[in-house]
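Trainee: below are the sequence and a predicted model; questions follow.
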Amino acid sequence: MLTRFDRYIARQVLVATLAVLAVLAAAIWLSQSLRFIDLTVNRGLPVSTFITISALVLPNFLTVILPIALFAAVLFTYNGLQADSELLAMRAAGLGPSQLMRPAVMVMAALLLVGYGLTLYGLPASYRAFKDLQANLRNNFTAVLLQEGVFTQLDDKLTLFVREQGVEGDLFGIMAHDSRIADRPATYIADRGTMVQSPDGPRLVMINGNRQELDRTTGRISFLFFDRYTVDINRVTGEIVNRQREGTERYLDELLWPEDGVDDRTRRGFFIEAHQRLAAPLMIPAFLAIAFGALLSGDFNRRGQNRRILLAVVLAAAVQGLFFAFGSLANRMSGAVLLFYLLPLVTVAVAALVIARPTLFSPATEAR
């Protein structure tokens, strides 16, 4: 049964967590959405599509900032209680470390469920929707994706360069390289052109240019000068349903048991992705343990706990860095996926030991 103390602390931790989460999510959303603002303002991308794209990138970052938000909230809340001597009074009233931690642990349990909901469902669903939307944009809004003076790779077999794009959508200084027919790659150069929509998808219409085609069998190059030439862009992406889903788009069962025809390297990548998804939410209790290891170890210090908080921040950053590093290690050693689970478990165990034996963290000679 929840006590008044539990509700009091849990409310403060939850509000602080949501506040930090909102600030971090807003900052990340803004930084990511800046990439798409130009497409909306200057290139005609629908505002609804802009909002959808910006929203779909959030779940990927939420899995990382959830532990950080709880970590910051616990440090802020409990350090404030310590500064106001409330924590000291609670200890004097007979509350032990486990009772002091209980409200934050309840918030952590709720966030852990949210974290697994994100990694097991939200993340693949958002990535899948994002990739499908991206493919749809390439099929129906190809001109929107073009940038002046930049080689735009529509896929690994078709690259398009445009020197200048007019306000009406006219393209000037066009160069395109098409290697979709492997034995006969072709390069197009045209003075101007435009992107038009057809029932079969977008097409690039070029005016006043030439086509250079290499016959790899004979090694000969053929030239064709044209007044008007059309290239079918729709062939770039093909049907969305036929493309192979990437690891980030797959649900857990699709990662662990992929369809036939997947090569060993890709299968290993799916295996690593699955274990990263399963282990990532465990960083939430790990970060909570680091915060409590710093705040609840040792006696009350009249000089504050700035050194402990700084150490906790450094340790949390190191743990998060190790988690990312283990992903690279797992690409070379499949057994390294165990480290995804060992890292948070060891972190919690060490923090529990520090709280139980404060002298391991705070020397007896520490000034009070």
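Mentor: Perfect, I can see it now. As the structure is a prediction and not an experimental result, all values here were calculated from the model.
Trainee: show me where the stretch 51-200 of the chain has its helices.
Mentor: 58-83, 86-92, 97-117, 123-140, 142-145 (DSSP state H, counting those that start in this stretch).
Trainee: with distance to Ala325, mean neighbour count and mean pLDDT added, can I get the ones you listed in JSON lines?
Mentor: The way it works is simple: take the backbone N, C-alpha and C, and place the C-beta from them, glycine included. Formatted as JSON lines, the helices of the stretch 51-200 of the chain follow (distance: least, Cβ to Cβ, whole Å; neighbours: other Cβ atoms under 10 Å; pLDDT from 0 to 100):
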{"stretch": "helix 58-83", "distance to Ala325": "15", "mean neighbour count": "21", "mean pLDDT": "90"}
{"stretch": "helix 86-92", "distance to Ala325": "35", "mean neighbour count": "14", "mean pLDDT": "75"}
{"stretch": "helix 97-117", "distance to Ala325": "20", "mean neighbour count": "18", "mean pLDDT": "93"}
{"stretch": "helix 123-140", "distance to Ala325": "21", "mean neighbour count": "17", "mean pLDDT": "80"}
{"stretch": "helix 142-145", "distance to Ala325": "34", "mean neighbour count": "19", "mean pLDDT": "61"}
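Trainee: how about the ones you listed in a markdown table, adding distance to Ala190?
Mentor: Formatted as a markdown table, the helices of the stretch 51-200 of the chain follow (distance: least, Cβ to Cβ, whole Å):
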| stretch | distance to Ala190 |
| --- | --- |
| helix 58-83 | 39 |
| helix 86-92 | 73 |
| helix 97-117 | 51 |
| helix 123-140 | 21 |
| helix 142-145 | 15 |
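Trainee: of all those helices, which one comes closest to Ile272?
Mentor: Ile272 sits nearest to helix 123-140 of all the helices of the stretch 51-200 of the chain, at 14.6 Å, using Cβ to Cβ.
Trainee: who's the closest residue to Phe151 other than its chain neighbours bridged to?
Mentor: Leaving aside its sequence neighbours, Phe151 sits nearest to Phe161 (Cβ to Cβ, 6 or more residues apart in numbering; 5.0 Å). Note on Phe161: beta-bridge partners Phe151, Met175, judged by DSSP bridges.
Trainee: still on that earlier bit, of the helices of the stretch 51-200 of the chain, which is nearest Ile221?
Mentor: helix 142-145 (27.6 Å).
Trainee: quick one: distance of the host helix or strand of Val354 to the chain centre.
Mentor: Assigned by DSSP states H and E, Val354 belongs to helix 338-356. Taking Cα atoms, centre = their mean, to the nearest Å, the mean C-alpha location of helix 338-356 is offset from the chain mean by 25 Å.
Trainee: CA atoms of that helix as CSV?
Mentor: This file holds the C-alpha atoms of helix 338-356, laid out as CSV (Å, rounded to 0.1, in the frame of the first residue of the first chain):
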residue,chain,number,x,y,z
LEU,A,338,25.8,-10.9,-23.4
LEU,A,339,27.5,-7.7,-22.5
PHE,A,340,24.3,-5.8,-23.3
TYR,A,341,22.7,-7.5,-20.3
LEU,A,342,25.7,-7.8,-18.0
LEU,A,343,26.4,-4.0,-18.1
PRO,A,344,23.1,-2.9,-16.5
LEU,A,345,23.1,-5.8,-14.2
VAL,A,346,26.6,-5.2,-12.9
THR,A,347,25.8,-1.5,-12.6
VAL,A,348,22.8,-2.2,-10.4
ALA,A,349,24.7,-4.7,-8.3
VAL,A,350,27.7,-2.4,-7.7
ALA,A,351,25.3,0.5,-6.8
ALA,A,352,23.5,-1.7,-4.4
LEU,A,353,26.8,-2.7,-2.7
VAL,A,354,27.8,1.0,-2.5
ILE,A,355,24.5,1.9,-0.8
ALA,A,356,24.8,-1.0,1.6
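Trainee: tell me which element Arg203 falls in.
Mentor: Assigned by DSSP H and E, Arg203 falls in strand 201-215.
Trainee: distance of Gly209 from Thr230?
Mentor: 12 Å (Cβ to Cβ, to the nearest Å).
Trainee: same question for Phe324.
Mentor: Counting by Cβ to Cβ, the gap from Phe324 to Thr230 is 47 Å.
Trainee: wait, what's in contact with Val105?
Mentor: Leu288 (Cβ atoms under 8 Å, 6 or more residues apart in numbering).
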